[in-house]
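Q: Build me a model:
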Amino acid sequence: MRNPLSKTVQELAPSGIRRFFDVANTMDDVISLGVGEPDFDTPWHIREEGIYSLEQGRTFYTSNAGLAELKREISRYLKRRFQLPYTENEVLVTVGGSEAIDIAFRAMLDPGDEVIIPEPCFVSYFPCVKMAGGSPVRLALEEKDEFKLTKEKLMSVLTDKTKIVVLPFPNNPTGAIMTGEELRDIATIIRERDLFVVSDEIYSELSYQGDHVSIASLPGMAERTVVINGFSKSYAMTGWRLGYAAGPEEIIQQMIKVHQYVIMCAPTTSQYAAIEALRHGDEDVACMRESYDERRRFLVKELNDMGIPCFEPMGAFYVFPGIHRFGMTSEEFATSLLRQERVAVVPGSAFGECGEGYLRISYAYSIENLKLALGKIQNFIDTLL
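A: Okay, here's the model as predicted:
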């Protein structure tokens, strides 16, 4: 029998996050600091709107691109929060931000087109580029630069085949952000080299150094940028599976074509709930952000005090402490911590080779859980010294 499997898919490595947590899920009494999911319930007024939509029998397909009312609210939200000019015709509602990433690459890439992927980063970019027929180019970011993308680093990997630069900020796993001034340097290169940007801004509302700045808000960049965002992180709506892409209409129309063949439309109930989130959810977002900020400052201080150096992340809800002094790989450290103390964190190597020597620890958990986990981490490192 001939091989029934795609060579491209066979060659993809499984997610380092999921592989690690498959082990954790077989164990009892594990304190997990690894999953990138808010510990808040979806705000009640948003859930009520979803329930009401079901009571009204709104269980039909929407248009492929999403409810017109939702697309208008997304357009208004992007303008008032981040000064982005996209109209409702330049918005596509997707099944989470992950689908938006996938179909953006499929709509934009031809075989051999290169995509610059700054790492450490979210695990989906590399495989999505490969499955779209593109050529992913890894670009290692460094702690000395606060894991930011610099113009010097970007210039070092550009070739005549480069087409897209991924901007994964605020960053998962490092918590790094890019300021407006730093983005201007990148935008200058993008325009000069006639490139495009896929800007993953799913953590845009979780910025602790003033409002998030999107590269698409800079002169000449809206027409070169596909902005990826969604409702999972900002509104604690992970299970609702709702995201969106905003970008030039010529790109969005081709993304809709892919979307209509493989998805049809995003969940209708989730779309009605999302309208409520955008209209009346600002206070919820602010409250959650304040809580995350408290946890962030607490966790960074405690890790540094116990001798696990951690630069201060200014976005998302992760810290990325270094464990180089212990003479273990990140996977060895995380596996031993899990088996000995029942605390689950993610090896930094899951986010790219340059993540080796670090751990991703999420603070999307209560202070009480963080304190309990930190005590166990202290017990573990005491055995190593």
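Q: Quick check, pLDDT for R18.
A: If you check R18, the pLDDT there is 70.
Q: quick one: it from F40, how far?
A: 23 Å (Cβ to Cβ, to the nearest Å). In this view, the C-beta of every residue, glycine as well, is placed from N, C-alpha and C.
Q: So which of those two has more stuff around it?
A: For R18 versus F40, neighbours defined as other Cβ atoms under 10 Å are more numerous around F40 (15 against 11).
Q: Hmm, Y235 and the more buried one touching each other?
A: No - using Cβ atoms under 8 Å, F40 makes no contact with Y235, being 9.0 Å away.
Q: Who are the packing partners of the lowest-mean-pLDDT helix or strand in the chain?
A: Sorting the helices and strands of the chain by mean pLDDT, DSSP states H and E puts helix 16-24 at the bottom, at a mean of 71. Packing contacts for helix 16-24, counted by 3 or more Cβ pairs under 8 Å, 6 or more residues apart in numbering; DSSP states H and E, involve helix 330-341, strand 343-344, strand 346-347.
Q: the inter-axis angle of the first one versus helix 16-24?
A: Going back to what we said before, that points to helix 330-341. Going by axes from the mean of the first three to the mean of the last three Cα atoms, to 10 degrees, helix 330-341 is angled at 20 degrees with respect to helix 16-24.
Q: Can you show me the CA trace of the least confident helix or strand of the chain as CSV?
A: Provided in CSV are the C-alpha atoms of helix 16-24 (Å, rounded to 0.1, in the frame of the first residue of the first chain):
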residue,chain,number,x,y,z
GLY,A,16,5.9,21.0,22.4
ILE,A,17,3.2,22.4,24.7
ARG,A,18,0.7,19.7,24.0
ARG,A,19,3.2,16.9,24.2
PHE,A,20,4.3,18.1,27.6
PHE,A,21,0.8,18.4,29.0
ASP,A,22,-0.2,15.0,27.7
VAL,A,23,2.2,13.8,30.4
ALA,A,24,0.9,16.2,33.1
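Q: Direction included, what does the helix or strand just after that helix pair up with?
A: Where DSSP states H and E defines the elements, the next helix or strand beyond helix 16-24 is strand 31-32. Under the criterion DSSP bridges, strand 31-32 sits next to strand 343-344 (parallel) in its sheet.
Q: any idea how far the partner strand is from the chain center?
A: 21 Å (Cα atoms, centre = their mean, to the nearest Å).
Q: now swap in stretch 105-124 and tell me
A: That offset, for stretch 105-124, works out to 14 Å (Cα atoms, centre = their mean).
Q: For it, buried residues please.
A: Neighbour counts over stretch 105-124 (16 or more other Cβ atoms under 10 Å) mark 105-109, 113-123 as buried.
Q: Identify the residue spatially nearest to L299, adjacent ones excluded.
A: Distance criterion Cβ to Cβ, 6 or more residues apart in numbering; nearest residue to L299, sequence neighbours excluded, is Y363 at 5.0 Å.
Q: how much space between that neighbour and K161?
A: 39 Å.
Q: Compare those two (neighbour count), which wins?
A: Between Y363 and K161, counted using other Cβ under 10 Å, the more crowded position is Y363 (26 against 12).
Q: And the strands in the stretch 251-385 of the chain?
A: With DSSP state E, counting those that start in this stretch as the definition, the stretch 251-385 of the chain shows strands at residue ranges 318-319, 343-344, 346-347, 359-362.
Q: elements contacting the first one?
A: Right, the one you point to is strand 318-319. Right, strand 318-319 is packed against helix 282-305, strand 359-362 by 3+ Cβ pairs under 8 Å, 6+ apart.
Q: Contacts made by it with the rest, please.
A: With Cβ atoms under 8 Å, 6 or more residues apart in numbering as the test, strand 318-319 has contacts from 36, 172-175, 296, 299-300, 303, 310, 313, 360-363.
Q: Considering these, which is situated nearest to C128?
A: N172 (15.0 Å; Cβ to Cβ).
Q: Within the helices and strands, which one has the closest one?
A: Counting by DSSP H and E, no helix or strand carries N172.
Q: Might you report the residue contacts of it?
A: G36, C121, F122, I202, Y203, A316, Y318, F351, R360.
Q: who wins for neighbours among these?
A: In the contacts of N172, the most neighbours by other Cβ under 10 Å go to A316, 30 neighbours.
Q: chain center to the least confident helix or strand of the chain: distance?
A: Worked out by Cα atoms, centre = their mean, helix 16-24 lies 18 Å from the chain centre.
Q: contacts for that helix?
A: The contact list for helix 16-24 (Cβ under 8 Å, 6+ apart) reads 30, 32, 34-35, 123, 331, 334-335, 338, 344, 346-347, 349-351.
Q: Give the buried residues for it.
A: G16, I17, F20, F21, A24.
Q: so can I have TSV of those showing distance to I367?
A: Formatted as TSV, those follow (distance: Cβ to Cβ, whole Å):
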residue	distance to I367
G16	28
I17	24
F20	25
F21	23
A24	22
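Q: closest to A245 among these?
A: For those, the nearest to A245 is I17 (23.1 Å; Cβ to Cβ).
Q: Next, work out how far apart that closest one and G57 are.
A: From I17 to G57 the distance is 38 Å (Cβ to Cβ).
Q: ditto for E73
A: 22 Å.
Q: Of those two, which one has the most company?
A: E73 (19 against 7).
Q: C-alpha coordinates for the helix or strand hosting that one, CSV please?
A: E73 is part of helix 68-82 when elements are defined by DSSP H and E. The C-alpha atoms that make up helix 68-82 are tabulated as CSV, following Å, rounded to 0.1, in the frame of the first residue of the first chain:
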residue,chain,number,x,y,z
ALA,A,68,-22.3,42.4,9.4
GLU,A,69,-23.2,43.8,12.9
LEU,A,70,-20.2,42.1,14.4
LYS,A,71,-17.8,43.3,11.7
ARG,A,72,-19.0,46.8,12.1
GLU,A,73,-18.3,46.6,15.9
ILE,A,74,-14.8,45.1,15.3
SER,A,75,-14.1,48.0,12.9
ARG,A,76,-15.2,50.6,15.5
TYR,A,77,-13.3,48.9,18.2
LEU,A,78,-10.0,48.8,16.2
LYS,A,79,-10.4,52.5,15.4
ARG,A,80,-11.2,53.7,18.9
ARG,A,81,-8.6,51.5,20.7
PHE,A,82,-5.7,51.3,18.2
